[in-house]
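Colleague: Have a look at this prediction, sequence included:
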Amino acid sequence: MSNFESMLFSDSLKMSLNNLAMSKTFNKFDADDLVQQTYLKAIERQDQFKGDNINPWAITILKNIFIDSRRKKKEQLLGDDNAEIPMNDETSSVLLERDKDMCLKGLSENEREIISLKQSNSYDEIAEILGIKPGTLRQSFSRAKEKFMRCMGFFDE
Amino acid sequence: MNENDKILINAYLDGETSPDDSKYIESLLDSNQDANEYANKIKKANYEINAFFNSDDSKELDKSISNFIEEQKKKNIKSKSNFNFFNFRFVDGVIALVNQRVAAVAMVFAITGLLVIPSFLQEDEEFFNINIEREGYVTKDGIDINQIISDTLIDMADADIKKANLQIGSELISISITNEIDNCISGNFLYINKDYQFKSCLSDGVYETKFN
């Protein structure tokens, strides 16, 4: 296996791509398509990769594919807060799940990217991937978390 | 508790603070009720966020992508190897037009279909497995090792394969190319538990092999 393939097929990149795709699509089937397309495009364009850290490059590919597909489908994936929640036989745990999804959807694209990447990367790594300063990242991450907590009603108690 | 404290508490709970900042936050959490409550809310938020990324859907996605990656690895290995091999055979066919000896081999091609059918071992990255049909290589004394080596070396050299396992019926020959100078290739091969040194030189489009 070439060095490129070793980096591309690493567990850490797979986890980052999976989490990022889930945070963008909120649907395992769409996320699956998105990640697979990312790998295929990365393989197709491997000649364009320069450097020794493939993660930022591959993550940019995923983001571009997502933006492109969203534009094509003209789907509204954000701002789903007004979606009607069925109240019939839903249990409270299911409602909490929906709240959690809605609150994550309510974050900005950047905020969700940071939160999803934090699942498998350090602050420094995320800062490098997103091309921002570590200090800025800390602020953004803290704000995103607080926004999520407010949406979840943690400050209403 | 100010905004900077909130940022630090968040980083502290993620294990991302310096020793000095950690000490500061620990003391703040001990002494400040608001900071303590804020930290508990962050823990709760972390729990919910982690639950989202560790849901059954996420686990199924991980499984699916892992399978996809394995398929891609296999495809990449095969596509690289197959291209070189079959590309060579086309060139070999052209050479056959001007060389009687290779023309004879080409006839065997036509009769038996594919003379050399490469099938590659995914689990062994160093040795390529090549299945060779016995027909055309059987003599009254057994298989014609010299001819097999000569015919295979031209494939290996063209596809830049240094090591190969040749399966001829139930017999196996393991070839390693160790040196290539001008039109000559040398190395060794293992056949029936004996190690042989060989040297093959290209002459009129075919390799002529000598071994001890």
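Modeller: Thanks, I have it.
Colleague: Wait, A:L20 touches A:A58, no?
Modeller: No - in this structure, A:L20 is not within contact of A:A58 by Cβ atoms under 8 Å, at 9.9 Å. In this view, the C-beta of every residue, glycine as well, is placed from N, C-alpha and C.
Colleague: ok, and does the strand or helix carrying A:I43 reach over to chain B?
Modeller: Element membership of A:I43 [criterion: DSSP states H and E] is helix A:28-44. Yes - using Cβ under 8 Å from any Cβ of the partner chain, we find that helix A:28-44 touches chain B at A:28, A:31-32, A:35-36, A:39-40, A:43.
Colleague: Just the closest of the residues you listed to A:K105, please.
Modeller: Sorting the residues of helix A:28-44 next to chain B by distance to A:K105 puts A:A31 at the head of the list, at 14.0 Å, by Cβ to Cβ.
Colleague: The closest residue to the closest one other than its chain neighbours is in what secondary structure piece?
Modeller: Leaving aside its sequence neighbours, A:A31 sits nearest to A:A21 (Cβ to Cβ, 6 or more residues apart in numbering or on different chains; 3.8 Å). Using DSSP H and E, the element containing A:A21 is helix A:11-25.
Colleague: Any buried residues in that helix, and which?
Modeller: Neighbour counts over helix A:11-25 (16 or more other Cβ atoms under 10 Å in any protein chain shown) mark A:13-25 as buried.
Colleague: Mind listing residues that contact that helix?
Modeller: For helix A:11-25, the external contacting residues (Cβ atoms under 8 Å, 6 or more residues apart in numbering or on different chains) are A:7, A:28, A:30-32, A:34-35, A:38-39, A:54-55, A:58-59, A:62-63, A:66, A:77, A:104, A:109, A:112-113, A:115-117, A:119-121, A:129, B:52-53, B:57-58, B:61-62, B:65-66, B:69.
Colleague: Got a ChimeraX select line for the buried ones in those residues?
Modeller: Selecting just the buried residues from these in ChimeraX takes one command, with 16+ other Cβ under 10 Å as the test:
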select /A:7,28,30,31,32,34,35,38,39,54,55,58,59,62,63,66,104,112,113,115,116,117,119,120,121,129 /B:52,53,57,58,61,62,65,69
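Colleague: Among the contacts of helix A:11-25, name the ones in helices.
Modeller: Taking DSSP state H as the definition of helices, the contacts of helix A:11-25 contribute A:7, A:28, A:30-32, A:34-35, A:38-39, A:54-55, A:58-59, A:62-63, A:66, A:104, A:109, A:112-113, A:115-117, A:129, B:52-53, B:57-58, B:61-62, B:65-66, B:69.
Colleague: What residues does chain A have near chain B?
Modeller: For chain A, the contact set with chain B under Cβ under 8 Å from any Cβ comprises A:1, A:5, A:9, A:14-15, A:17-19, A:21-23, A:27-28, A:31-32, A:35-36, A:39-40, A:43, A:100-101, A:104, A:115-116, A:118-119, A:122-123, A:138-139, A:141-142, A:145-146, A:148-149, A:152, A:154-155.
Colleague: Show me which of the residues of helix A:28-44 next to chain B is closest to B:Y38.
Modeller: For the residues of helix A:28-44 next to chain B, the residue nearest B:Y38 by Cβ to Cβ is A:A31; the value is 32.1 Å.
Colleague: can I assume that closest one is in contact with B:D62?
Modeller: No - distance between A:A31 and B:D62: 10.2 Å, which falls outside the contact criterion (Cβ under 8 Å).
Colleague: Lowest mean pLDDT among the helices and strands, pick that one out for chain B.
Modeller: strand B:116-118 (a mean of 51; mean pLDDT, DSSP states H and E).
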